[in-house]
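Participant: A structural model of the following input is requested.
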Amino acid sequence: MFKDLNKKKSIYETNIIIGYIITGLAFVFYLPLGSVLGVGAFFVIAIPFLGGAVFASKNHKKIKELSNDFKAIYVNEAIQKTFEDSRYQHDYGFSEDEVVESRLFKVRDRYKSEDFIEGQFEGVAFKCCDVEQKEVRGSGKNRRVVTTFQGRFYEFDFPKKFKHDLVLLQPSIFQNVPGLKKVKTESIHFNSELHIFAENDHEAFYLLTPHFMEKLIYFDQKYIDKISFSFKDNKLYIAHDSRVDYFDLKAFKHVDEHIFEQYQEELKDIQELIKILKLDDHLFR
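Facilitator: Below is the predicted model of the structure:
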């Protein structure tokens, strides 16, 4: 399995390198040709410059297609072994409206979501997927595309229906949430690690007991200040900005049996979130 997979992948990777070399050489020769041919140098160089880039891009897409075929079989098998009666779709995810509704995201210029998983663990229903958001900043020569989020987005059924929204964000994320006010607990440490935005102080402090805050801080430390939480209606939403595309095969990275260990690590994260936060507990009902 891995031998044939890596062989195909290696062909595409070689083509990517060839494409980049062609584009690079075209760029290098543009200046000397420009001094001889003037404006005509642009037309001479444009074909190999753009052609090399297109060739490399097409082979990147072929690796993505190879990855999707692999995921459709083997990621699905790994998920079924861990979560019975679960559902996996490599080419499906949450809409941007859905993730923005959680209050953990803002609308950005570019959005992508894939690798959707839906299932249950210890009686708790969950959904999760990869989410990527990008924003176009600057203009003209200074225009650039910046990744604002890349990671996993989780939705868990929570054993309580909240009357008011509560959002816990990293200090590095946007500093206000429309319709919510910033509040603080008596824990200076917790306030420094996660900023609290709430509609209702009383309900926020009812949930954020010292014991529950310890659990939230555990995940904050585990994910190195890259995790945020939202309590809305009867749902708990979690966004982990890992900057990792979890299930995809990567270009120029050899594929072997260790990839299944990576899959299991992601699935264990789901189990741990449910167990440690005790989402099946009736305490919050």
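
Participant: Isn't Gln133 up against Ser113?
Facilitator: No. With contact defined as C-beta atoms under 8 Å, Gln133 does not reach Ser113; the gap is 9.4 Å. All C-beta spots, glycine's among them, are computed from the backbone N, C-alpha and C.

Participant: Pick out whichever of the two has more residues nearby.
Facilitator: Neighbour totals were compared for Gln133 and Ser113, and Gln133 leads with 22 against 19 (other C-beta atoms under 10 Å).

Participant: ok, back up a step: quick check: neighbours shared by Gln133 and Ser113?
Facilitator: Residues touching both Gln133 and Ser113 (C-beta atoms under 8 Å, 6 or more residues apart in numbering): Glu96.

Participant: which stretches of this structure form strands?
Facilitator: Assigned by DSSP state E, the strands in the chain fall at 87-89, 110-121, 124-137, 144-157, 166-169, 181-183, 195-198, 227-232, 235-240.

Participant: closest to Ser67 out of those strands?
Facilitator: With C-beta to C-beta, the closest approach to Ser67 among those belongs to strand 110-121: 10.4 Å.

Participant: which residues touch the closest one?
Facilitator: So strand 110-121 is contacted by 71, 75, 79, 83-96, 99, 125-136, 145, 153, 246-247, 270-271, 274 (C-beta under 8 Å, 6+ apart).

Participant: got the strands of the chain as CSV, with mean pLDDT and distance to Ile11 columns?
Facilitator: Shown next, in CSV, are these (pLDDT from 0 to 100; distance: least, C-beta to C-beta, whole Å):
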stretch, mean pLDDT, distance to Ile11
strand 87-89, 94, 28
strand 110-121, 96, 24
strand 124-137, 96, 26
strand 144-157, 95, 28
strand 166-169, 96, 45
strand 181-183, 93, 54
strand 195-198, 95, 49
strand 227-232, 95, 39
strand 235-240, 96, 34
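
Participant: tell me which residues of stretch 48-67 are tucked away?
Facilitator: 48-49, 52, 55-56, 59-60, 62-63, 66-67 (16 or more other C-beta atoms under 10 Å).

Participant: before we move on, back to that, Asp256 is nearest to which of the strands of the chain?
Facilitator: The minimum distance between Asp256 and the strands of the chain falls on strand 110-121, with 20.5 Å, by C-beta to C-beta.

Participant: how about stretch 45-52 as PDB, C-alpha atoms only?
Facilitator: In PDB, the C-alpha atoms belonging to stretch 45-52 read as follows (Å, rounded to 0.1, in the frame of the first residue of the first chain):
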ATOM      1  CA  ILE A  45       9.700  34.900 -20.400                       C
ATOM      2  CA  ALA A  46       6.000  34.900 -19.500                       C
ATOM      3  CA  ILE A  47       5.300  31.500 -21.100                       C
ATOM      4  CA  PRO A  48       7.900  29.500 -19.100                       C
ATOM      5  CA  PHE A  49       7.400  31.600 -16.000                       C
ATOM      6  CA  LEU A  50       3.600  31.000 -15.900                       C
ATOM      7  CA  GLY A  51       3.800  27.600 -17.400                       C
ATOM      8  CA  GLY A  52       6.200  26.300 -14.700                       C
END
